[in-house]
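S.K.: requesting a structural model of the entry that follows:
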Amino acid sequence: MAGNKHTSNQPSKAEPTFEAIQVMVVDDDVICLSIVAGMLKTCQYQVVTVKSAEDALVTLRSRSNFFHLIIMDVHMPVMNGFELQNQVYREFNIPIV
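M.R.: This next block holds a predicted model:
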């Protein structure tokens with residue numbers, strides 16, 4: 001079509017860019033936290049890191065509808081990753097890896 005200026009290499013306005021995707025990384029191991037966050041930032045994701053499940057819930061509650069994805073460790077003290085996952089599913093609509 002002659003009037004269509006949208007080409008295949010131009011992102012649609014409905015498609016989010018990587019720079020717009022907000023990811024929370026939760027891990028009590030600061031080395032793992034740093035490595036995962038660094039890898040995501042290299043790919044241009046916006047990353048927020050937290051060191052505990054409790055801090056993750058506080059951050060999620062204070063930034064409602066901010067995060068698009070949560071990447072978390074399973075083995076954490078006090079509240080483990082499975083317990084955090086259950087709480088996130090009860091309160092938020094955010095995918096978890």
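S.K.: now do the closest residue to residue 75 other than its chain neighbours against residue 20, distance only.
M.R.: Taking Cβ to Cβ, 6 or more residues apart in numbering as the measure, residue 75 lies nearest to residue 81, with 7.1 Å between them; neighbours along the chain are not counted. Any C-beta I mention is one placed from the backbone N, CA and C, and that applies to glycine too. If you measure residue 81 against residue 20 using Cβ to Cβ, to the nearest Å, the figure is 26 Å.
S.K.: so between those two, which is more surrounded?
M.R.: The neighbour comparison of residue 81 against residue 20 (other Cβ atoms under 10 Å) goes to residue 81, with 18 against 11.
S.K.: let me know the secondary structure of the residue nearest the centre of the chain.
M.R.: The centre of the chain sits closest to residue 23, judged by Cα atoms, centre = their mean, with a distance of 2.0 Å. Following DSSP: H, G, I helix; E, B strand; the rest coil, residue 23 is assigned to strand.
S.K.: my read is that it contacts residue 50, right?
M.R.: No - with contacts defined as Cβ atoms under 8 Å, residue 23 does not count as touching residue 50, sitting 11.5 Å away.
S.K.: the residue nearest to the centre of the chain pairs with what?
M.R.: Note on residue 23: beta-bridge partners by DSSP bridges are residue 47, residue 69.
S.K.: quick one: residues contacting it.
M.R.: When the contact criterion is Cβ atoms under 8 Å, 6 or more residues apart in numbering, the partners of residue 23 are 40, 45-48, 67-71.
S.K.: and stretch 36-55, how far out from the chain middle?
M.R.: Its chain's C-alpha centre lies 7 Å from the corresponding centre of stretch 36-55 when counted by Cα atoms, centre = their mean, to the nearest Å.
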